[in-house]
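Student: got a predicted model here, sequence first, then my questions.
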Amino acid sequence: MKQVEVGADFSTLRTVVLLLPAMLLPISTASQQGSMKPTPAGASDSSGRTKSLHPSTLSHSADEDSEAHKLADLAAVLPPELKADALIRIVALKSLPQSAKQRKVLLADAFDAAMHAKYESPVVGLTTANTDSDVGAVWAALDLGLDRLSLQSRVVSSMASIDAMAAEDRLHQIVMPMAQSLACDEETRNVLTPFYDAAGNVLNAQQSPDRRRKLAEWLLGTVITPTQIESVLRFLVASPLPVADKGRLISELAARVGDMKMNDPRTASAVLNFGLNQAVFDALKSVREIGNQTLLLSAYRQLVVNNLGSVCSDDKDFSERVKSLLHSLDEKAQALGLSVESDAALDMNPEVIPANGEAYLWWEKNGSKELFEGYERLRDPTERSQPEWSARLGIFLDQFRAWQADNHEPKAVAFGETCEIYRAVIDITPAGETNNQIIKESLDYLQSSPMESDDPPQWYRAVYILLHPARAGARAIDISKFVNPTSVLGVISALDPILK
């Protein structure tokens, strides 16, 4: 993401944007007496962020918009994904008076801002689930829902409660991420679930049976890869469609599934899992009263047969795992009174393809291993009880600062490791001057890091972990005590109850 050049007052104004929602809960007395309203924001550049908005452009107005609209005008200077997230949350604030028209305008702006998000969709790691890695860190950061697909899908879901037809129009405008060909060296795959969740919300909001049926038919037409099968089946099972329509659509999907070829073993491994197995069974149950389940069961088995010819070298138990899944599904199908096929067609001797993809693990290279080992010695309870522990902490912090200034880790990895060490050392240092100094130092690091503009989801996750530590026993940090209240971090702290 490019850093946008803005006026000298950008930082202050940007933090005010974040702070206003917290100040407006409940709406302040001052706002009832008259408040400042910005003129329309300036033109946006290609990143989706407004180039400049100076406080001098703010003026009193006799016919002010709602508090929510004024907040949205200020939010124009935020990075695109944070702007979109803020607008969606503003619309959801029950304490702000907003007409349906205003909420639709804000959601439209959020939808457009999301187009400029750094990441296209959530991802799942294929080589590791370890968050202490380059792959795992991105995976975890995108759990915050700051990718384009998640943000636009949230807009659609929010719009569905206001105007079902407008929500459906927006759903049609979402561009699905391009289908991936997951070779054995791929490290992540896209997750499309947010789109289908939004489609379900739109379907439920539609009152016309005809509109519901047509929407479901359209959605079925979007299925072009096996990675979509599970989500579409779950959508159909959960839908309020009549069972006859469900049965017809499931049969139509089944007719296409059996012929699908994934072309690469990594996709097959990602698709053929317990989730799809359960979705197929749930679909079989949902239409059992009309008795047309055999086609789906046969198509699923054919999908498996078509995609067992090769396997990645780091997933050698794939074939046996899939065979076990089929056996489990067959048992459930027999309980429904369905006949099942033999496993004779399953090829249990697939070609093994070398898997060259490898996650970059933290704490292994470029001095990071020694750094982590130094922290581990510090956290030893027997060591911390010794009088000389404070001196050892000081030595460690000097080594840590030297490592920050001179290491050869990839930028995002070094950022993640640095934030992790700060968080960990804060937790083991007794409350007092030294602890406060470390907290202040960690916040200075965050405020100066280019990751704030280069990778907002990963940067914000580091901030979030300070506010909401995942470790048992770790304390949340009130960062407002250590930063300027008009700084980005100071305002995030004030806004946390809304934006978390």
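Tutor: Looks like it arrived, so ask away.
Student: domains for this protein, by residue range?
Tutor: 10-113, 119-353, 368-499 (automatic domain parsing).
Student: do you know how far the nearest residue to residue 288 once chain neighbours are set aside is from residue 297?
Tutor: Sequence neighbours aside, residue 336 is the residue nearest to residue 288 in space, at 5.7 Å (criterion: CB to CB, 6 or more residues apart in numbering). Yep, even glycine has a C-beta here, placed from its N, CA and C like the rest. According to CB to CB, to the nearest Å, residue 336 and residue 297 sit 9 Å apart.
Student: tell me which of these two has more neighbours.
Tutor: residue 297 (22 against 12; other CB atoms under 10 Å).
Student: which ones are touching the more buried one?
Tutor: 280, 284, 329, 333, 338, 340 (CB atoms under 8 Å, 6 or more residues apart in numbering).
Student: pull out the buried residues from the helix or strand in which it is found.
Tutor: Assessed by DSSP states H and E, residue 297 sits inside helix 294-306. By neighbour count on 16 or more other CB atoms under 10 Å, the buried set for helix 294-306 is 295-297, 299-306.
Student: JSON lines please, covering those and showing distance to residue 480 and pLDDT.
Tutor: Shown next, in JSON lines, are those (distance: CB to CB, whole Å; pLDDT from 0 to 100):
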{"residue": "295", "distance to residue 480": "60", "pLDDT": "83"}
{"residue": "296", "distance to residue 480": "55", "pLDDT": "86"}
{"residue": "297", "distance to residue 480": "58", "pLDDT": "85"}
{"residue": "299", "distance to residue 480": "57", "pLDDT": "87"}
{"residue": "300", "distance to residue 480": "54", "pLDDT": "86"}
{"residue": "301", "distance to residue 480": "58", "pLDDT": "83"}
{"residue": "302", "distance to residue 480": "59", "pLDDT": "82"}
{"residue": "303", "distance to residue 480": "54", "pLDDT": "83"}
{"residue": "304", "distance to residue 480": "55", "pLDDT": "81"}
{"residue": "305", "distance to residue 480": "60", "pLDDT": "77"}
{"residue": "306", "distance to residue 480": "57", "pLDDT": "77"}
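Student: reformat the residues you listed as CSV; add distance to residue 99.
Tutor: Output for the buried residues of helix 294-306, formatted as CSV (distance: CB to CB, whole Å):
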residue, distance to residue 99
295, 48
296, 46
297, 50
299, 48
300, 48
301, 53
302, 53
303, 49
304, 52
305, 56
306, 53
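Student: just these now: which is nearest residue 101?
Tutor: Of all the buried residues of helix 294-306, residue 296 has the smallest distance to residue 101: 44.0 Å, by CB to CB.
Student: that closest one reaches residue 285, doesn't it?
Tutor: No. Counting by CB atoms under 8 Å, residue 296 stays clear of residue 285, with 11.1 Å between them.
Student: ends of stretch 219-230, what's the gap?
Tutor: Taking CA to CA, to the nearest Å, the first and last residues of stretch 219-230 lie 13 Å apart.
Student: and that stretch, how far from the chain's centre?
Tutor: 21 Å (CA atoms, centre = their mean, to the nearest Å).
Student: list the buried residues for it?
Tutor: 219-220, 223, 225-230.
Student: about what we covered before: then the helix holding residue 297 to CSV, C-alphas only?
Tutor: Output of helix 294-306 as CSV, limited to C-alpha atoms (Å, rounded to 0.1, in the frame of the first residue of the first chain):
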residue,chain,number,x,y,z
THR,A,294,-28.0,-40.6,-4.8
LEU,A,295,-26.7,-38.2,-7.4
LEU,A,296,-24.8,-36.1,-4.9
LEU,A,297,-23.3,-39.1,-3.1
SER,A,298,-22.1,-40.5,-6.4
ALA,A,299,-20.8,-37.2,-7.6
TYR,A,300,-18.8,-36.7,-4.4
ARG,A,301,-17.2,-40.1,-4.7
GLN,A,302,-16.4,-39.4,-8.4
LEU,A,303,-14.7,-36.1,-7.3
VAL,A,304,-12.6,-38.0,-4.9
VAL,A,305,-11.6,-40.7,-7.5
ASN,A,306,-10.7,-37.9,-10.0
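Student: which element follows that helix toward the C-terminus?
Tutor: Next element after helix 294-306 (DSSP H and E): strand 310-312.
Student: give me the mean pLDDT for that next one.
Tutor: Across strand 310-312, the average pLDDT comes to 81.
Student: so how far is that strand off the chain centroid?
Tutor: Strand 310-312 sits 29 Å away from the centroid of its parent chain (CA atoms, centre = their mean).
Student: packing partners of it?
Tutor: helix 265-271, helix 318-335, strand 351-353 (3 or more CB pairs under 8 Å, 6 or more residues apart in numbering; DSSP states H and E).
Student: kindly recompute the last result at 7 Å.
Tutor: Helices and strands touching strand 310-312, by 3 or more CB pairs under 7 Å, 6 or more residues apart in numbering; DSSP states H and E, are helix 265-271, strand 351-353.
Student: can you tell me which of those is most buried?
Tutor: Among the helices and strands packed on strand 310-312, helix 265-271 has the highest mean neighbour count (mean count of other CB atoms under 10 Å), at a mean of 24.
Student: what about whichever helix or strand comes after it, average pLDDT?
Tutor: Next helix or strand after helix 265-271 toward the C-terminus (DSSP H and E): helix 274-286. In this model, helix 274-286 carries a mean pLDDT of 89.
Student: now do the helices in the stretch 351-500 of the chain.
Tutor: Taking DSSP state H, counting those that start in this stretch as the criterion, the stretch 351-500 of the chain carries its helices at 368-379, 381-384, 389-405, 411-428, 433-448, 451-454, 456-467, 488-499.
Student: what about those helices, which gets the closest to residue 143?
Tutor: helix 456-467 (8.3 Å).
Student: list the helices and strands that closest one packs on?
Tutor: helix 80-92, helix 134-141, helix 411-428, helix 451-454, helix 488-499.
Student: contacts only, for the nearest residue to residue 452 once chain neighbours are set aside.
Tutor: Ranked by CB to CB, 6+ apart and with sequence neighbours excluded, the top spatial neighbour of residue 452 is residue 459, at 4.6 Å. By CB atoms under 7 Å, 6 or more residues apart in numbering, the contact list for residue 459 reads 449, 451-452.
Student: can we see that at 10 Å?
Tutor: Contact analysis of residue 459 by CB atoms under 10 Å, 6 or more residues apart in numbering lists 79, 141, 412, 415, 419, 446, 449-453.
Student: and these, which two are the farthest apart?
Tutor: Longest span within the contacts of residue 459, CB to CB: 79 and 419, 18.6 Å.
Student: need the CA coordinates for stretch 186-204. CSV is fine.
Tutor: The C-alpha coordinates for stretch 186-204 follow below in CSV (Å, rounded to 0.1, in the frame of the first residue of the first chain):
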residue,chain,number,x,y,z
GLU,A,186,1.9,-22.8,-2.4
GLU,A,187,1.8,-21.7,1.2
THR,A,188,-1.8,-20.3,1.5
ARG,A,189,-5.2,-20.5,-0.1
ASN,A,190,-8.0,-18.1,-0.3
VAL,A,191,-11.1,-18.5,1.9
LEU,A,192,-14.4,-17.6,0.2
THR,A,193,-16.7,-18.2,3.1
PRO,A,194,-17.5,-14.5,3.8
PHE,A,195,-19.2,-14.2,0.4
TYR,A,196,-21.5,-17.1,0.9
ASP,A,197,-22.4,-16.0,4.4
ALA,A,198,-23.4,-12.7,3.0
ALA,A,199,-25.4,-14.4,0.3
GLY,A,200,-27.3,-16.3,2.9
ASN,A,201,-28.1,-13.1,4.8
VAL,A,202,-29.5,-11.6,1.5
LEU,A,203,-31.5,-14.7,0.8
ASN,A,204,-33.1,-14.6,4.2
